[in-house]
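**Student:** What would the 3D arrangement of this be:
(4 chains)
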There are 2 protein chains.
Amino acid sequence: MQDIADRVGISTKSVSRVLNGEPGTSARTTERVLAVARELGFRRNDLARSLARGDRTGTVGLVLRHSSTRFYENLIRGVDEVADAHGALVLTAGSHSEDRERSTLLALSSRRVDGMLIVPVGRDQTYLRAEQAIGMPLVFVDRPPSGVAADAVLADDRGGGLLATRHLLKHGHRRIGVVGASTSVHTVNERIAGYDAAIAEAGLTGDPRLVQLDVEGSAAARAAVLRLLAEPSPPTALFLLNSVCTIGALRALDDAGLAGQVALVGFDDFDTADLLTPAVTVVAHDIVEMGRRAAARLFARIGGEDGAPALDVLPTTLIPRGSGELVRARQVARARRSR
Amino acid sequence: MQDIADRVGISTKSVSRVLNGEPGTSARTTERVLAVARELGFRRNDLARSLARGDRTGTVGLVLRHSSTRFYENLIRGVDEVADAHGALVLTAGSHSEDRERSTLLALSSRRVDGMLIVPVGRDQTYLRAEQAIGMPLVFVDRPPSGVAADAVLADDRGGGLLATRHLLKHGHRRIGVVGASTSVHTVNERIAGYDAAIAEAGLTGDPRLVQLDVEGSAAARAAVLRLLAEPSPPTALFLLNSVCTIGALRALDDAGLAGQVALVGFDDFDTADLLTPAVTVVAHDIVEMGRRAAARLFARIGGEDGAPALDVLPTTLIPRGSGELVRARQVARARRSR
DNA sequence: ATGAAAGCGCTAACAA
DNA sequence: TTGTTAGCGCTTTCAT
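**Tutor:** Coordinates of the predicted model:
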């Protein structure tokens, strides 16, 4: 701005006024400032601006682990929608590990974003207490905070687990295999809790050998399902705790020549679920809405709302498409026939 | 820092030294500063720091349109990898429209990122000339710049189109339908150019009715393919210009009861391509590598490298999986039989 | 309508 | 080892 002020022969304050659309500048000054600014390719330094104003930077951080899952696309869409309405810029930064999550969050905090949305990867966010103490608003998405008290917007994962498992039980299945990621992730625990509850509800006893956890990636899921199928008394149905596991499981069934012969329900919807044979039954929830609500919470906090941490839980739905409706009795009949 | 300095009873400069790990502080001072800093939950203001140092902010911007495609996950992975090595933070910001692309880029520029990676959505980036003039390094990814001269890392889209089309021709197809997004996107044009070249090479004359463009989204792609199939002389093979179109096309074939009866090659690989029946043949390229190279270019520029804009083009490969190897002669034979 | 002075939180350069 | 001074680019407050 100094540059422009010098060339036009006025004070920096006047330049500032023009460039920020503040009133109190003559048409002539305004015009000349704009002309010179354009000529110089001037771009206001928002670092200095934020520093001087001491208030908002107009940016919020969104920290998550990128993946090609629908989850992230939809979440970001929801968040962007609300942020747009608030004129804020969403800066997404990756957290492919616990360490990275931490360093990313601290970096964003140092950069003075107005608030942060977090899909935590690590098991503990105690280190964020310091940020909260400074007054940095924090909202957790999809997984609750641990070590800090903060707003959270989650899905009813337990309810989803219940839905999926009951659905399979209703179709006559008694041995239902489960494959999922690490139990250090809240959603995994909840989904299993729902599964366990449904099993107990049906008067059955859970068999720990049917539950394969700490399975990361579709290749590992494929292997896990092949292991399950090799058991002396293999499951007749599968419940996959996320879409990556679902895809791995489908590969395993293909490998074993059992495609369409083992009932299957997956958690989280995915792009080609309806195209596969049979089409894949899933438990899903409205992720765009989750993003919207989380962002709304965050902007409320940024706006000065205070009060106890809020917890918002979104419902899950079962979308039957075929793979989950395979009836146990028919499987048996078919097996007899092929003998 | 002033706070800490006051409490410890030293100058801010000493605090700064301790907090930045600069040499020249006694063990005792160091210790006390750190203790007070922790107690106060101090977090350095990087806005002020960057402003004072006048150099790097240690952040680079990545501007793209989020989607659940593999493309973005892989691109971000490659970029992150290289950025990590440079100790930089990658801030991803969305550009769901031309306007948003522009405002996002300008906002990042105002926030003084050290450089920007751009997967352009808009047709024209002339407005970025001003940023370049200020010395903001820019690298375009997947699509070349228009209106500015800047480094670009692209895929050999034309070569990919050639590969795909030749492959289908080789299997006896003469009427090959094409469905793709808007021709305002460079990749679409190039892929079609490859298609046209292969058609001409085979001594055939292209039929414009076989080419459906400006198809955005899988629902639109489904409709476009249904239109093609309803033609008096429908295509016996399809070339889909991106994975969203591919998925839409698969739905259309399902609808028409023609799954597995029309040959199909898609551009870009996707998660369940191997699981579908038949598995989907695609033309793909190494996107993680694209991200790596783009980031490497950017950091080279940030590091002061100058010279003419560089163009880096990555090769594409055909991955045969079944859907693209459907032989025309067999289709004919089957059709006769069913009559 | 315009400007001067002070300061946002930090660091560079130079003393002490 | 430590402190002082000046200033990064901007905005605020208060004059003019």
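**Student:** CA only for contacts and neighbour counts going forward, please
**Tutor:** OK.
**Student:** which residues sit in contact with residue A:252?
**Tutor:** Contacts were defined as CA atoms under 8 Å, 6 or more residues apart in numbering or on different chains; by that measure residue A:252 touches A:222, A:223, A:225, A:226.
**Student:** Show me the contact partners of stretch A:79-99.
**Tutor:** Contacts of stretch A:79-99 (CA under 8 Å, 6+ apart): A:58-66, A:100-102, A:104, A:121-123, A:288, A:291-296, A:299, B:80, B:89-94, B:104, B:107.
**Student:** Check the residues you listed one by one and keep those near DNA strand D.
**Tutor:** Of the residues in the contacts of stretch A:79-99, proximity to DNA strand D by CA under 7 Å from any atom of the strand holds for none.
**Student:** If any of those are buried, put those into a ChimeraX selection.
**Tutor:** Entered in ChimeraX, the line below selects the buried ones among these, by 16 or more other CA atoms under 10 Å in any protein chain shown:
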select /A:58,59,60,61,62,63,64,65,66,100,101,102,104,121,122,288,291,292,293,294,295,296,299 /B:80,89,90,91,92,93,94,104,107
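**Student:** Which one of the contacts of residue A:252 is nearest to residue A:159?
**Tutor:** Nearest to residue A:159 among these: residue A:225, at 23.7 Å, using CA to CA.
**Student:** list the helices and strands the helix or strand where that closest one lies packs on?
**Tutor:** Counting by DSSP states H and E, the element that carries residue A:225 is helix A:218-230. Counting contacts by 3 or more CA pairs under 8 Å, 6 or more residues apart in numbering or on different chains; DSSP states H and E, helix A:218-230 packs against strand A:176-179, helix A:243-255.
**Student:** Run through the neighbouring helices and strands of the shortest one.
**Tutor:** Read that as strand A:176-179. Packing partners of strand A:176-179 (3+ CA pairs under 8 Å, 6+ apart): strand A:211-212, helix A:218-230, strand A:237-240.
**Student:** With mean pLDDT and mean neighbour count as added columns, please give the ones you listed in JSON lines.
**Tutor:** Output for the helices and strands packed on strand A:176-179, formatted as JSON lines (pLDDT from 0 to 100; neighbours: other CA atoms under 10 Å in any protein chain shown):
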{"stretch": "strand A:211-212", "mean pLDDT": "97", "mean neighbour count": "18"}
{"stretch": "helix A:218-230", "mean pLDDT": "97", "mean neighbour count": "20"}
{"stretch": "strand A:237-240", "mean pLDDT": "98", "mean neighbour count": "29"}
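**Student:** need these in a markdown table with distance to residue B:150, can you?
**Tutor:** Shown next, in a markdown table, are these (distance: least, CA to CA, whole Å):
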| stretch | distance to residue B:150 |
| --- | --- |
| strand A:211-212 | 50 |
| helix A:218-230 | 38 |
| strand A:237-240 | 46 |
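**Student:** and of the ones you listed, who's closest to DNA strand D?
**Tutor:** DNA strand D sits nearest to helix A:218-230 of all the helices and strands packed on strand A:176-179, at 49.3 Å, using CA to the nearest atom of the strand.
**Student:** Out of the helices and strands packed on strand A:176-179, which gets nearest to residue B:200?
**Tutor:** Nearest to residue B:200, of all these, is helix A:218-230, at 41.7 Å by CA to CA.
**Student:** could you check the angle helix A:243-255 makes with that closest one?
**Tutor:** Calculated by axes from the mean of the first three to the mean of the last three CA atoms, to 10 degrees, helix A:218-230 forms an angle of 50 degrees with helix A:243-255.
**Student:** List of residues touching helix A:218-230?
**Tutor:** Counting by CA under 8 Å, 6+ apart, A:177, A:179-180, A:209-210, A:212, A:215, A:234-235, A:244-253, A:256 sit against helix A:218-230.
**Student:** Any chance of a ChimeraX selection covering the buried ones in the residues you listed?
**Tutor:** Restricted to buried positions by 16+ other CA under 10 Å, the ChimeraX selection for the contacts of helix A:218-230 reads:
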select /A:177,179,180,210,212,215,234,235,244,245,246,247,248,249,250,251,252,253
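**Student:** In the stretch 201-339 of chain A, what residue lies closest to chain B?
**Tutor:** Closest contact between the stretch 201-339 of chain A and chain B, by CA to the nearest CA, is at residue A:276 (5.7 Å).
**Student:** Apart from its neighbours in sequence, what residue is nearest that residue?
**Tutor:** Distances taken as CA to CA, 6 or more residues apart in numbering or on different chains place residue B:276 nearest to residue A:276, at 5.7 Å, with adjacent residues excluded.
**Student:** Also residue A:204?
**Tutor:** residue A:174 (7.8 Å).
**Student:** Just give me the neighbour total for that neighbour.
**Tutor:** Here the count is done by other CA atoms under 10 Å in any protein chain shown, and residue A:174 has 18 residues near it.
**Student:** Now do the same for it: helix, strand or coil?
**Tutor:** coil (DSSP: H, G, I helix; E, B strand; the rest coil).
**Student:** And the pLDDT at the most far-flung residue of chain A relative to its centre?
**Tutor:** What lies farthest from the middle of chain A is residue A:9; by CA atoms, centre = their mean that is 52.7 Å. Note on residue A:9: pLDDT of 92.
**Student:** got it, and residue A:338?
**Tutor:** pLDDT, read off for residue A:338, is 69.
**Student:** Relative to DNA strand C, how far out is the residue farthest from the centre of chain A?
**Tutor:** Computed as CA to the nearest atom of the strand, to the nearest Å, the residue A:9 to DNA strand C distance reads 6 Å.
**Student:** Likewise for residue A:293?
**Tutor:** 31 Å.
**Student:** got the phi/psi numbers for that residue?
**Tutor:** Per-residue torsions, residue A:293: phi -70, psi -40 (degrees, to the nearest 10).
**Student:** which one is it nearest to, not counting chain neighbours?
**Tutor:** Leaving aside its sequence neighbours, residue A:293 sits nearest to residue A:153 (CA to CA, 6+ apart; 7.1 Å).
**Student:** Name the residues that touch the helix or strand containing the one you found?
**Tutor:** Applying DSSP H and E as the criterion places residue A:153 in strand A:151-155. Contacting residues not belonging to strand A:151-155 are listed as A:138-145, A:285, A:290, A:293-294, A:297, A:309-316 [CA under 8 Å, 6+ apart].
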